[in-house]
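K.L.:
Predicted model and sequence follow; I will ask about them next.
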Amino acid sequence: MGKKGGSKGVGRKGGGGRRKKHKMDLEDLWHQSKAIKDAHKDRKTQISKDKKTKKQKASRDESPSSHDHEAAQPSRMHEAEKGDDERWLEAPPGPSGAFASLMASLHLPTDAGRKAKKRERTIEAEPGGGLDDSPTYDVVMAEEGEGQEDEGDEGPSADITSSEREAEEQADLLQEAPLPDDDEAVDDDDDEQEDGPSPASVLDFSSSFDAELSPSDLSQASAVGDKPTRLHPPHFGPFLYPRPPPSHLTKLMQTPPHPSLSSSVHGIPQPILESFHQLSTPAGGADDTLSEQDAGFFHFMNGYVDVLHANHDHTTSRSIRQLYCLHVTNHLFKCRQGILRNNAALSRAVKGGGEAVDPAGEDRFRDQGFTRPRVLILVPFKSVAKEVVETILKLYPHKKQVMHRHRFEEDFSAEDGDEEGKFWQDRHKPPDYIDIFKGNQSDRFRLGIMFLKTGVRLYAPFYSADMIVASPLGLRLITGAQGEKDTSREYDFLSSIELVVIDRADVLKQQSWEHVEHVMQAVNLKPKALHDLDIRRLRPSYAAGRAANYRQMIVTSDGMNVESTALLASSCNYRGHVKLLVPSTGQPLARAAATGVRQLFQQVPCSDVNEAPERMLHWLEKKAYPTVISTLSQLILVVPSYVEFVSVRQVLRSLDAEFCACHEYSSKRAISRARAFFAQGRIKLMVVSERWLFYRRYRLAGAAHLLFLGPPERPAIYCELIDGLSNHSQALVLTYFTAADSMSLERLCGPVKARKMIKGPPQKVFAFT
């Protein structure tokens with residue numbers, strides 16, 4: 001056939017039909033499809049005349065029926081490269097008009113395709129993570145018929161323009177055996193299928209994303225009911241659901257989590273399951289039973305509800321990341337299996353060996369989105385990204401070769417080779433600090449990962465990647481923010497994300513939660529242009545703009561906070577959401593009481609939580625300073641962050657108070673000077689920010705008393721500051737709080753004591769010794 005002959009002529013490094021940057025608007029698409037349909041009819045008529053003239057029996061591959069289905073080729077993701085004449089442009093026959101309705105539902109700019117014909121902007125992400133670096137924007141002209149090389153860096157493009165980058169890529173290829181850039185060369189073989197779940201299992205998995213939602217389902221997905229529902233997940237504490245829970249969530253709540261992972265129960269392919277057991281079970285061990293909390297966590301993840309796991313600390317970090325990596329790997333593998341099966345069915349129809357199918361008329365073939373990436377994982381540091389990527393590589397089957405592995409090790413490993421945080425151990429930092437800051441601490445990076453049949457490609461272009469691992473800062477440099485010029489923003493590659501993982505939301509909050517919010521606003525937006533979109537394989541939910549209703553979001557954090565719960569509440573997953581938290585037992589408060597120090601908690605009057613910062617400042621000026629701060633010597637005043645520090649500094653200056661300060665933007669010289677003056681008693685008041693303590697965790701010598709403007713979000717900081725007091729029997733620790741601090745108060749004192757203090761009368765002092 002002409003298709004196969006043309007496919008063989010396409011070389012790996014370029015070629016006549018290699019990745020044409022030809023994006024048509026939908027009007028051009030419709031007119032050209034009609035022209036190609038007429039061409040097919042003429043060709044079919046000519047073949048019939050030739051048969052009668054030569055009186056030869058037509059073979060199956062040359063029959064007119066095969067030309068009727070010439071357009072029905074495998075998907076954009078896994079098809080062999082071909083020219084425009086062989087693309088799926090023929091309008092589907094039949095009265096249903098499904099193809100036309102899908103096109104009509106796509107409200108894309110009409111000039112997007114015309115502009116893309118002349119020029120396509122490509123973005124090449126920097127391999128490093130320095131804060132002084134900036135993303136490089138390369139404009140690559142793609143004339144009609146010009147082949148493009150798919151050897152890009154991490155970013156939405158597929159082109160390399162730097163000679164240095166080409167040399168680096170060649171070095172990587174010399175160290176590792178070459179792999180095809182795409183799946184096409186290895187996936188077109190219908191006789192070879194990957195190991196995986198049965199077709200029935202794939203169908204059940206796909207039904208979660210293909211379910212038709214009624215208008216009432218869509219309205220209930222994000223509505224807030226008049227009466228919240230109290231839900232109690234197994235092995236976790238209860239939480240309030242803002243409305244009556246959907247039936248899917250109710251069923252998951254009623255089903256007890258299975259204590260061990262199983263292919264039959266959880267639908268995990270056996271090769272992935274075996275790899276997970278080898279990864280999670282200690283050497284020589286045979287027990288693959290999960291803990292109660294881990295079993296519950298995976299139970300809800302596997303049900304595709306949104307999950308907030310608020311017990312992610314240094315003791316549970318390894319198991320939590322392994323479990324969500326297992327879920328991500330399982331999701332990507334099943335999606336790939338479903339696409340390959342549909343490709344095989346369409347290929348058999350083209351060759352005449354199977355049942356005639358019309359991909360635009362059957363929903364089971366609509367298995368893709370606007371772009372290829374399906375999974376987005378946001379992590380705080382390169383060290384976490386390295387751990388996550390290595391875990392997924394160990395779990396994913398068919399990983400015979402990993403392209404650019406050497407480059408990945410160089411970019412994401414610690415510069416001094418200290419992956420376990422020995423540097424911090426030698427300086428007697430606490431275990432939770434070492435777990436966060438060990439390894440490479442760069443917070444600016446992004447990485448595309450592409451899964452092939454015989455291996456994995458790291459640093460894949462975003463539009464060719466299946467999964468993206470990035471920091472919020474690194475990704476926001478590409479996506480931009482609402483209000484910025486649309487030409488400087490690139491977010492189309494996030495339009496078809498099905499699963500989002502946000503690792504350690506508490507750490508991301510200390511970096512900048514604004515970056516997380518802007519990135520999430522760009523997820524599942526309709527694309528500005530058609531990036532080689534195969535319209536017949538597009539899911540109707542994406543065409544209707546309802547992709548966010550099917551997206552799952554997994555958030556892990558060390559404790560509940562306002563930002564992560566608000567992010568979960570803003571999600572509109574039709575399946576619902578759960579909050580998994582083992583309530584605090586008040587251990588930090590008890591530990592501090594064991595030292596003999598007096599701990600006082602006083603509620604600041606505040607009727608509106610939105611006014612809490614202003615009320616706290618007013619209380620500081622009128623009550624706290626005259627009665628407490630001015631009367632105590634060697635006092636440390638702790639504020640949440642630099643934003644509050646600026647306001648507190650202004651108040652103290654207006655009162656002519658003498659103080660020194662340490663915050664996250666202080667220079668090393670200023671910090672050393674302030675610590676020395678305070679330790680020597682030359683200055684009686686030191687103001688520090690909790691965010692500075694989070695990044696530095698210094699022991700502050702010379703402190704006799706502590707005053708917190710709001711309970712600290714990390715109880716470990718509270719305990720460490722108390723341990724550093726010079727005389728515990730004479731020390732005073734006073735914490736002011738409002739109703740807005742209920743979550744932090746629960747982590748510190750436990751839910752029972754926290755509720756009692758919140759409901760207590762304003763200005764009442766609660767003492768614990």
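P.N.:
Everything's here; your move.

K.L.:
Please make it C-alpha for all contacts and neighbour counts, starting now.
P.N.:
OK.

K.L.:
tally of neighbours for the nearest residue to residue 495 once chain neighbours are set aside?
P.N.:
Spatially, and ignoring its direct neighbours in sequence, residue 495 is nearest to residue 524 (4.0 Å; C-alpha to C-alpha, 6 or more residues apart in numbering). Number of residues near residue 524 (other C-alpha atoms under 10 Å) recorded here: 24.

K.L.:
and residue 524, what is it in contact with?
P.N.:
Residue 524 sits next to 494, 495, 496, 497, 547, 548 when contact means C-alpha atoms under 8 Å, 6 or more residues apart in numbering.

K.L.:
what kind of secondary structure is it in?
P.N.:
Per DSSP: H, G, I helix; E, B strand; the rest coil, the local secondary structure of residue 524 is coil.

K.L.:
repeat for the one 5 residues further on
P.N.:
The three-state label given to residue 529 by three-state DSSP is coil.

K.L.:
how close does it sit to residue 488?
P.N.:
Computed as C-alpha to C-alpha, to the nearest Å, the residue 529 to residue 488 distance reads 14 Å.

K.L.:
now residue 268
P.N.:
Applying C-alpha to C-alpha, the value for residue 268 to residue 488 is 41 Å.

K.L.:
right, and the secondary structure at the spatially most central residue of the chain would be what?
P.N.:
Geometric centre of the chain, nearest residue: residue 377, 2.8 Å, by C-alpha atoms, centre = their mean. Under the three-state scheme (three-state DSSP), residue 377 adopts strand.

K.L.:
List the beta-bridge partners for it.
P.N.:
With DSSP bridges as the criterion, residue 377 is bridged to residue 469, residue 501.

K.L.:
ok so, going back, residue 268 and residue 488 - which one has more neighbours?
P.N.:
Between residue 268 and residue 488, residue 268 has the larger neighbour count (other C-alpha under 10 Å), namely 24 against 13.

K.L.:
Which element, helix or strand, includes that one?
P.N.:
For residue 268, there is no helix or strand it lies in under DSSP states H and E.

K.L.:
any low-confidence regions in this structure?
P.N.:
Within the chain, the segments meeting pLDDT under 70 span 1-207, 225, 282-287, 353-362.

K.L.:
Could you list the domains of it?
P.N.:
2-175, 203-211+228-275+296-580, 587-768 (automatic domain parsing).

K.L.:
CSV please, covering those domains and showing distance to residue 222.
P.N.:
Shown next, in CSV, are the domains of the chain (distance: least, C-alpha to C-alpha, whole Å):
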stretch, distance to residue 222
domain 2-175, 23
domain 203-211+228-275+296-580, 5
domain 587-768, 23
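
K.L.:
Go through the ones you listed and name the closest to residue 219.
P.N.:
Nearest to residue 219 among these is domain 203-211+228-275+296-580 (9.2 Å), distances taken as C-alpha to C-alpha.

K.L.:
list the buried ones in the helix or strand that contains residue 335?
P.N.:
Element membership of residue 335, judged by DSSP H and E, is helix 317-351. Using 16 or more other C-alpha atoms under 10 Å as the test for burial, helix 317-351 gives 317, 320-351.

K.L.:
do you know how far residue 659 is from residue 683?
P.N.:
Applying C-alpha to C-alpha to residue 659 and residue 683 gives a distance of 6 Å.

K.L.:
How about residue 211?
P.N.:
66 Å.

K.L.:
of the two, who's got more company?
P.N.:
More neighbours surround residue 683 than the other of residue 211 and residue 683, with 18 against 11 (other C-alpha under 10 Å).

K.L.:
how about the more buried one, secondary structure?
P.N.:
coil.

K.L.:
host element of residue 209?
P.N.:
Residue 209 belongs to helix 199-210 when elements are defined using DSSP H and E.

K.L.:
mind listing what's buried in the helix or strand just after that helix?
P.N.:
Following helix 199-210 in sequence order, the next helix or strand is helix 215-222 (DSSP H and E). Neighbour-count burial for helix 215-222 flags 220, 221, 222 (criterion: 16+ other C-alpha under 10 Å).
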